[in-house]
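> Give me a model of this one.
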Amino acid sequence: MELSYLFEGFLIGILVSFPIGPAGINIVNKTLSRGRRAGFLAALGAMTADMIFSLIAVVGISFIVTFIEEKVTIFRILGGVFVIFIGVRIFREDPARVYHDTGRDTGVSFVDNYLTSLLMVISNPMTLLAYIAIFAGINYPSGIHFMEGPAVTILGLVVAAFAWWFSLTYYLDKFRSKVRLRFIFWFQKLAGILITLFGLALIITMLLPNKGL
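Okay, here's the model as predicted:
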C-alpha cells in the first residue's frame with residue numbers, strides 16, 4: 001500500500017467534510033435538533049455521495065461525466081429546487097416537538113436523515129466536477145492498478161470523513177444536552193435560511209450570462 005495515497009485521501013476526506021455547505025449545515029442541525037443518531041445518519045448519507053463521486057472520478061466513467069456536463073443546467077436547477085425544499089422544511093419544522101421525539105426515532109427517520117443528505121450532495125453536479133479536478137491532481141503512475149492507488153486514496157477519504165463526522169456528532173450531541181431549546185430553535189431557523197440560499201444560488205447562477213461560475 002502506498003502510504004502517500006492514503007495520506008492524500010485523509011486530506012481530501014477532511015477538506016470535503018467541513019460543514020460549510022448545505023449538507024454539512026444539515027448534519028449539524030440534525031444533530032442539535034434530533035440527536036447524534038440522526039446527525040450521524042445524515043453524515044453517512046453525505047459520505048456515501050462523496051464515495052460515489054470519488055469512484056466516478058478515479059475510474060473515469062466518461063459517459064456519466066459527459067451526461068452530467070451536457071445536462072448540468074437541468075441538474076443544477078432540479079438540485080436547487082430540492083435544496084430549497086429541504087431548507088424551507090427545516091425552517092418550518094417545530095424544534096420543540098422534534099427535540100422531545102428524539103427517543104422515538106423509527107426506520108422512517110433513517111430514510112429521512114440518510115437519503116435526504118445523500119440526495120443533497122448528489123443533486124449538485126458541480127461536486128462531481130470538483131472531485132474530478134481533485135483526483136486529476138494526484139499523480140498516479142501510468143498503468144497503476146486500481147487497488148494499489150485510487151482505492152487507497154478513497155479508503156483514506158472515507159476513513160477521515162467517518163472519523164470527522166463521528167467525532168463532530170458526538171461532541172455536538174454533548175453540547176446539545178447543555179444548551180437551551182431556544183438556541184436550537186434559532187440555529188434551526190438560521191440553518192433553514194442558509195440551506196435555502198444555497199438552493200437559490202444554484203438556480204440563480206444558471207440564469208446569469210456567465211453560467212460557468
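
> And the closest residue to residue 85 other than its chain neighbours, how far from residue 20?
Using Cβ to Cβ, 6 or more residues apart in numbering and skipping residues adjacent in sequence, the residue nearest residue 85 is residue 199, 7.7 Å away. For glycine as for every other residue, the C-beta is placed from the backbone atoms N, C-alpha and C. Residue 199 is 15 Å from residue 20, where distance means Cβ to Cβ, to the nearest Å.

> that older thread, could you report the separation of the residue nearest to residue 85 from residue 74?
Using Cβ to Cβ, we find residue 199 at a distance of 15 Å from residue 74.

> Between the two, which has more neighbouring residues?
A count of neighbours by other Cβ atoms under 10 Å puts residue 199 above the other of residue 199 and residue 74, at 25 against 12.

> and stretch 167-179, which residues are buried?
For stretch 167-179, burial by neighbour count (16 or more other Cβ atoms under 10 Å) applies to 168-169, 172-173, 176.

> again with stretch 147-165
Of the residues in stretch 147-165, those buried (16+ other Cβ under 10 Å) are 149-158, 160-162, 164-165.

> Just the residues you listed: which are in strands?
Using DSSP state E to define strands, no part of the buried residues of stretch 147-165 is located there.

> Okay, helices next: where are they in this structure?
3-17, 22-34, 36-59, 62-70, 72-92, 95-100, 107-110, 116-122, 125-136, 150-176, 181-207 (DSSP state H).

> Go through the buried residues of stretch 147-165 and name the one nearest residue 116.
residue 165 (15.2 Å; Cβ to Cβ).

> And stretch 112-130, what's buried?
112-114, 116-125, 127-129.

> Quick check: which ranges of the chain have low pLDDT?
In the predicted model, the chain carries pLDDT under 70 at residues 1, 19, 60-65, 69, 95-108, 143, 146, 208-213.

> if you set the cut-off to 90 instead, what comes out?
Filtered on pLDDT under 90, the chain yields the residue ranges 1-38, 50-87, 89-113, 115-117, 119-157, 168-169, 171-192, 194-195, 198-213.

> I'd like to know how far residue 52 sits from residue 92.
Distance, residue 52 to residue 92, by Cβ to Cβ: 30 Å.

> So the two - more neighbours on which side?
Set residue 52 next to residue 92 and count neighbours by other Cβ under 10 Å: residue 52 wins out with 15 against 10.

> now that one, nearest residue through space, not along the chain?
Residue 52 sits nearest to residue 122 (Cβ to Cβ, 6+ apart), 7.2 Å away.

> count of neighbours near the residue lying closest to residue 155 once chain neighbours are set aside?
Spatial nearest neighbour of residue 155, excluding adjacent residues (Cβ to Cβ, 6+ apart): residue 9 at 6.1 Å. As a burial measure, residue 9 scores 24 neighbours (other Cβ under 10 Å).

> Hmm, residue 9 is touching residue 156, no?
Yes. Contact criterion Cβ atoms under 8 Å: residue 9 and residue 156 qualify, at 2.2 Å.
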